[in-house]
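**Q** Could you look at this predicted model? Sequence included:
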Amino acid sequence: MSIGLRFAVLSLAALFCAALFAGTSRDANDALGPIACRVMEAHASASPAVIAVVFHQQSSEDQERLAVLLQQHSGETVGIQLAGGPWIPAPAFRLKSCFGRGLLLLPAGAATIQDGSSFLIRFPPSSDRN
């Protein structure tokens, strides 16, 4: 096999491998999907018209994953879904004083949410954060 042909074959093989593994740098969030969470406290305010929600994971198996994702994405917009309804965008923040707990800020009237409610949360992909 000539050097030029060998180079072409190796180049194609490298491109194929790069395309095959392009999505592997995504974080566990993308592979595992949304996390089931539980509302610890929900407080509504008329001015500003917002609902502040303190939450944590519903299952202890998700505690570390939620804590990591909250740290990676604190202040970013996430999606939450209540009782199979539509996904609602909301900023989420990591509560530094409470490991694995978060704070959501929802527009008033966007959802009916109360202490003890369950919801799903999904974070934006982190593949570009490394």
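**A** Yep, that arrived.
**Q** Can you name the element that comes right after the lengthiest strand in the chain?
**A** When the chain is parsed with DSSP state E, its longest strand is strand 35-45. Toward the C-terminal end, the helix or strand that comes next after strand 35-45 (DSSP states H and E) is strand 50-57.
**Q** Name the residues of that next one that are buried.
**A** V50, I51, V53, V54, F55, H56, Q57 (16 or more other Cβ atoms under 10 Å). In short, each C-beta sits where N, CA and C put it, glycine included.
**Q** How about residues contacting that strand?
**A** 35-45, 63, 65-66, 95, 100-108, 110-111, 113, 119, 121 (Cβ atoms under 8 Å, 6 or more residues apart in numbering).
**Q** Whichever of those residues end up buried, select them in PyMOL.
**A** Here is the PyMOL command that selects the buried residues among the contacts of strand 50-57 (16+ other Cβ under 10 Å):
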select buried, resi 35+37+39+42+65+66+100+101+102+103+104+106+110+111+113+119+121
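**Q** So which residues of this structure form strands?
**A** So, for the chain - with DSSP E - the strands run 35-45, 50-57, 77-81, 87-94, 102-107, 118-122.
**Q** Looking at these, spot the one closest to L70.
**A** Between L70 and the strands of the chain, the tightest spacing by Cβ to Cβ is seen for strand 87-94, at 4.0 Å.
**Q** In its sheet, which strands sit next to the closest one, and in what direction?
**A** strand 77-81 (antiparallel), strand 102-107 (antiparallel) (DSSP bridges).
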